[in-house]
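Asker: One predicted model, sequence on top.
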Amino acid sequence: MELTSRGKNNFKNFLEFSMISNTTVSVSSSGKNGSIRTSLSYLYDKNQYPNSRKNKFWYNIGGELKLGNKASVEGSMNFTQESAPNTAGYGYGTGYMYNILLWTGPEYDLRDYKDYWLVPNEKQNWHYTDWYDNPYFEAYEKIKSINNFTTNGSLSFKYEILPWMKLQLRAGGVAYANNNVTRSSVGTISKGRGGWEDGALGYYKEGKKTGFTMNYDFFLLFNKKLSDFSVDGLLGGSLYYTKTKNLEASTKNGLSVPGFYSIKASVESPIVDAETKTKKVNSLFGTLTLGYKDTYYLEATGRNDWSSTLPSNDKSYFYPSVGMSIIPSNIISLPDWIPFWKLRGSWTVSKTDLAIYDLDRAYTIKQNVWDGLNTASYPDYLRGDVKPITNRTWEIGTGIHFLQGHRLKLDVSYFNKLTYNNTISQRISSATGYKSRLMNIDEEYVRRGVEISIDATPVQVRDFSWDVSLNLSTSKRYYAKLDESFSPDNLWTYVGARTDSYSYKGYDKDPDGNYIINTNGLMSRSQYSSLIGYTDPDLEYGLANVFKYKNFTLTLNFDGRIGGKSWSNTEFHMLETGAHPDTDNQWRYDEVVNGKKNYVGEGVKIVSGEVKYDQYGRITSDTRVFAPNDIETSYEDFVRSSHNNPDKLVQKKTFLKLREMSIGYNLPKKFISKLSMNSCYVGFIGQNLFVLTKDFRFSDPDGFEDIEGEDISSPSIRYVGVNLKVEF
């Protein structure tokens with residue numbers, strides 16, 4: 001095909017109008033002996049991709065009934081139903097960006113393939129039949145649908161034993177049934193990627209996950225004032241139980257009848273998988289807070305859990321906490337412009353038990369393995385004596401208010417969190433009859449951080465006010481202790497080093513930082529990993545502004561991040577496939593149109609000498625002599641061979657985003673009272689209005705946190721809408 005840019009707007013043309021509507025109707029009533037409230041909500045979310053939308057319903061009812069002067073009963077019930085015809089189309093392998101931006105060349109106009117069948121349920125209308133599918137075919141024939149139901153409720157009973165002592169009994173639970181279908185039509189090109197098996201033969205899978213969780217609590221609460229002293233606390237216990245059942249069935253080796261999506265259509269005996277999980281945790285706990293003259297406070301808590309997921313001889317674990325606070329503004333004379341000052345500190349221990357089947361594995365059952373026979377495999381995971389992962393945290397902080405009316409508030413805190421008894425899955429000799437076991441290791445981490453919040457009212461006059469809130473936070477995690485057997489063995493792992501390091505085998509450079517070019521004209525790949533950077537940001541921040549003028553309200557909310565690095569998988573694959581704008585240049589044109597392969601990569605070549613390294617990649621001797629590179633090669637080969645260069649792909653996650661902007665108006669009382677309204681608010685709102693970022697030119701760095709970065713993430717959606725709230 002001639003190189004005519006018919007489809008330079010393919011991705012834009014593929015996107016559809018998107019919108020979200022959220023409607024809620026609520027009714028409440030209260031009287032002498034109780035109250036009742038109920039609400040019904042409906043959310044419609046039309047995504048930017050074809051056949052991508054979500055419907056969600058909520059219904060809630062709750063109330064309180066007073067049983068005399070000392071007792072009351074309170075309860076609530078919620079029902080949620082959520083459905084979506086297709087939740088696929090994202091990420092690597094099966095995402096629309098993957099297909100359209102990376103593999104579909106602009107010489108094809110995607111709109112020519114909107115009618116995606118040449119032969120229904122047999123052959124696609126598509127220009128490429130060896131690797132990936134028509135995006136419209138993916139939207140309507142490669143389906144991952146959901147239909148989920150959730151019900152949760154709670155019931156509590158309160159009784160006043162004494163004026164300073166109360167008893168509370170509470171029961172709550174959640175039950176759910178999540179139904180999902182994964183199917184692909186006969187004629188599918190791609191196979192295996194994304195969960196669709198059997199490729200052109202067709203595929204159908206049904207899944208149903210049901211379960212429930214129950215919580216039963218009892219509390220004895222007390223609050224007593226004794227002259228200058230106050231005593232506040234509780235004693236209680238809880239019973240927690242959860243059970244989950246997961247049943248899946250799928251076709252094998254295709255569909256016997258194209259277009260008939262049923263387990264019955266399986267060509268061979270269908271594959272069935274079932275799983276049941278249960279967990280139980282019993283707890284006893286208590287808290288005690290002592291106060292003196294509303295100025296000095298001492299708090300202590302203790303909790304003991306018994307978890308079914310821990311070894312039978314070590315199911316019980318206890319974790320305490322203590323805290324202190326003092327209000328100096330109550331005991332020392334401060335300037336009038338400092339009306340309040342508080343100091344606080346705390347020390348806590350928290351523990352996390354294991355997930356279900358982390359310790360004890362079930363038999364693996366497979367159907368139709370050998371000549372139609374089923375198999376049952378004994379668990380290959382050796383049970384170990386594992387302690388719960390433990391966190392010890394201490395924190396100090398202060399809160400101070402300034403100016404008359406407390407118009408400026410500052411809160412600063414510092415925390416130190418030590419994590420130990422970490423677990424890993426360790427491979428062991430198969431001579432034991434097992435392959436691996438879960439075990440604790442000696443490696444410990446400590447996270448240290450600072451959080452600052454400022455609330456202020458810079459302007460407050462008769463008809464106008466401006467309130468602003470600023471939040472700043474930073475934290476880093478460091479190695480506090482290494483495990484000789486399991487901690488990484490490299491130059492950037494040591495006690496005191498950061499744990500969020502990112503290392504990668506990049507490309508060799510000379511002492512001046514120039515890339516070294518091999519004799520074939522391509523960049524020389526390093527045999528050793530090197531430290532590229534760190535993932536945790538230097539600072540995260542948020543700024544919220546509220547301006548009020550008479551009945552008008554304007555809000556402006558910003559947030560962002562400074563520093564931290566992540567990998568851009570989008571640019572990685574854009575370079576790999578030639579879709580990156582930086583590869584659209586004269587060198588590429590000459591190679592494609594004129595057949596020239598005379599690209600000279602920027603860098604140096606080795607004229608003579610050799611280099612030797614130690615086990616970590618440090619140079620021990622170097623006699624190399626360099627000269628500017630003059631070796632010609634194919635431009636395509638050069639880019640494809642170095643498309644994973646971390647110098648280009650590991651990028652800073654710094655960004656500034658206007659998260660939300662809204663302007664609204666409360667209609668005057670004298671007007672709405674004529675319409676039998678108590679209040680009426682009309683507003684306009686915008687979300688994700690803009691983002692500023694130096695790196696990540698083709699994705700939004702707000703959408704990911706760790707070094708793995710974005711996986712060909714879809715574009716962020718800018719929403720503009722209307723908000724109407726009426727109360728009768």
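Answerer: Looks like it arrived, so ask away.
Asker: Provide a list of residues in contact with L67.
Answerer: Counting by C-beta atoms under 8 Å, 6 or more residues apart in numbering, L67 touches V73. (Each C-beta comes from the backbone N, C-alpha and C, glycine too.)
Asker: typo on my end, R718
Answerer: So R718 contacts G686, Q687, N688, L689, F690 (C-beta under 8 Å, 6+ apart).
Asker: The third one belongs to a strand, doesn't it?
Answerer: Yes - in this structure, N688 lies within a strand as judged by DSSP: H, G, I helix; E, B strand; the rest coil.
Asker: Number of residues surrounding it?
Answerer: 16 (other C-beta atoms under 10 Å).
Asker: again with the fourth one
Answerer: Here the count is done by other C-beta under 10 Å, and L689 has 14 residues near it.
Asker: next one: S662
Answerer: Using other C-beta under 10 Å, S662 is surrounded by 17 other residues.
Asker: How about S429?
Answerer: By other C-beta under 10 Å, the residues close to S429 number 8.
Asker: next one: the one 4 residues further on
Answerer: Counted by other C-beta under 10 Å, the residues lying close to G433 total 10.
Asker: sorry, back to before: closest one of the contacts of R718 to K366?
Answerer: Among those, N688 lies closest to K366 (C-beta to C-beta), at 46.3 Å.
Asker: Quick check: A431 is in a helix.
Answerer: Yes - assessed with three-state DSSP, A431 lies in a helix.
Asker: how near is it to A480?
Answerer: As judged by C-beta to C-beta, to the nearest Å, A431 and A480 stand 35 Å apart.
Asker: In terms of neighbours, single out the busier of the two.
Answerer: For A431 versus A480, the count of surrounding residues by other C-beta under 10 Å is larger for A480: 16 against 6.
Asker: Touching the least confident helix or strand in the chain by mean pLDDT from outside, list them.
Answerer: The weakest-scoring helix or strand in the chain, judged by mean pLDDT, DSSP states H and E, is strand 381-382 (a mean of 70). By C-beta under 8 Å, 6+ apart, the residues outside strand 381-382 that reach it are D360, R361, I428, T432, Y434, K435, S436, R437, L438.
Asker: TSV for the residues you listed, including pLDDT?
Answerer: Formatted as TSV, these follow (pLDDT from 0 to 100):
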residue	pLDDT
D360	76
R361	74
I428	83
T432	76
Y434	78
K435	81
S436	84
R437	85
L438	87
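Asker: So which of these are in strands?
Answerer: S436, R437, L438 (DSSP state E).
Asker: ok, the first one - contacts?
Answerer: Which is S436. Counted by C-beta under 8 Å, 6+ apart, S436 has contacts D380, Y381, L382, S425, Q426, R427, I428.
Asker: and the nearest residue to Y98 once chain neighbours are set aside, which of the three is it?
Answerer: Nearest residue to Y98, sequence neighbours excluded (C-beta to C-beta, 6 or more residues apart in numbering): I712, at 5.3 Å. Three-state assignment for I712 (three-state DSSP): coil.
Asker: Give me the buried entries from the contacts of strand 381-382.
Answerer: Neighbour-count burial (16 or more other C-beta atoms under 10 Å) is assigned, among the contacts of strand 381-382, to R361, I428, Y434, S436, R437, L438.
Asker: Tell me the one of these nearest D582?
Answerer: For the buried ones among the contacts of strand 381-382, the closest approach to D582 (C-beta to C-beta) belongs to S436, at 44.2 Å.
Asker: so how far is I619 from the most far-flung residue of the chain relative to its centre?
Answerer: Centroid-distance maximum for the chain: S608 at 51.0 Å, with C-alpha atoms, centre = their mean. Separation of S608 from I619 (C-beta to C-beta): 17 Å.
Asker: just the helices in this structure please.
Answerer: Assignment of helices within the chain using DSSP state H yields the ranges 10-14, 96-97, 135-141, 569-577, 586-594, 635-641, 646-649, 669-672.
Asker: and L310, which of the ones you listed is closest to it?
Answerer: Evaluated over the helices of the chain, closeness to L310 peaks at helix 569-577, with 37.8 Å, by C-beta to C-beta.
Asker: re earlier: mean pLDDT, mean neighbour count and distance to Y261 added to the helices of the chain, as a markdown table?
Answerer: Converted to a markdown table, those look like this (pLDDT from 0 to 100; neighbours: other C-beta atoms under 10 Å; distance: least, C-beta to C-beta, whole Å):
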| stretch | mean pLDDT | mean neighbour count | distance to Y261 |
| --- | --- | --- | --- |
| helix 10-14 | 93 | 17 | 25 |
| helix 96-97 | 88 | 25 | 22 |
| helix 135-141 | 95 | 23 | 10 |
| helix 569-577 | 92 | 20 | 32 |
| helix 586-594 | 93 | 13 | 43 |
| helix 635-641 | 96 | 19 | 40 |
| helix 646-649 | 94 | 17 | 40 |
| helix 669-672 | 87 | 12 | 53 |
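Asker: Tell me the spacing between G397 and K409.
Answerer: Separation of G397 from K409 (C-beta to C-beta) stands at 13 Å.
Asker: Excluding chain neighbours, give the residue nearest to D385 in space.
Answerer: Per C-beta to C-beta, 6+ apart, closest to D385 is P311, 5.5 Å.
Asker: coming back round to it: nearest to E122, of the buried ones among the contacts of strand 381-382?
Answerer: Checking those against E122 by C-beta to C-beta gives R361 as the nearest, at 43.3 Å.
Asker: For that closest one, which residues are in contact?
Answerer: Contacts of R361 by C-beta under 8 Å, 6+ apart are P379, D380, Y381.
Asker: Tell me if I'm right that I389 and I424 touch.
Answerer: No - taking contacts as C-beta atoms under 8 Å, I389 lies outside contact range of I424: 11.1 Å.
Asker: Domain boundaries for this structure, per the record?
Answerer: When the chain is parsed into structural domains using automatic domain parsing, the resulting residue ranges are 1-288, 293-465.
Asker: Nearest to P701, out of these?
Answerer: Of the domains of the chain, nearest to P701 by C-beta to C-beta is domain 1-288, at 16.1 Å.
Asker: Make CSV from the contacts of R718 and add pLDDT to it.
Answerer: CSV is the format used below for the contacts of R718 (pLDDT from 0 to 100):
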residue, pLDDT
G686, 95
Q687, 94
N688, 93
L689, 94
F690, 91
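Asker: Of all pairs in the residues you listed, which one is the farthest apart?
Answerer: Taking C-beta to C-beta as the measure, those span a maximum distance of 10.9 Å, between Q687 and F690.
Asker: if we can go back for a sec, quick one, what contacts the residue farthest from the centre of the chain?
Answerer: For S608, the contact set (C-beta under 8 Å, 6+ apart) comprises T623, R624, V625.
Asker: Which member of those is positioned nearest P646?
Answerer: For the contacts of S608, the closest approach to P646 (C-beta to C-beta) belongs to R624, at 22.7 Å.
Asker: what about that closest one, neighbour count?
Answerer: Neighbourhood size, R624 [other C-beta under 10 Å]: 16.
Asker: No more questions from me, cheers.
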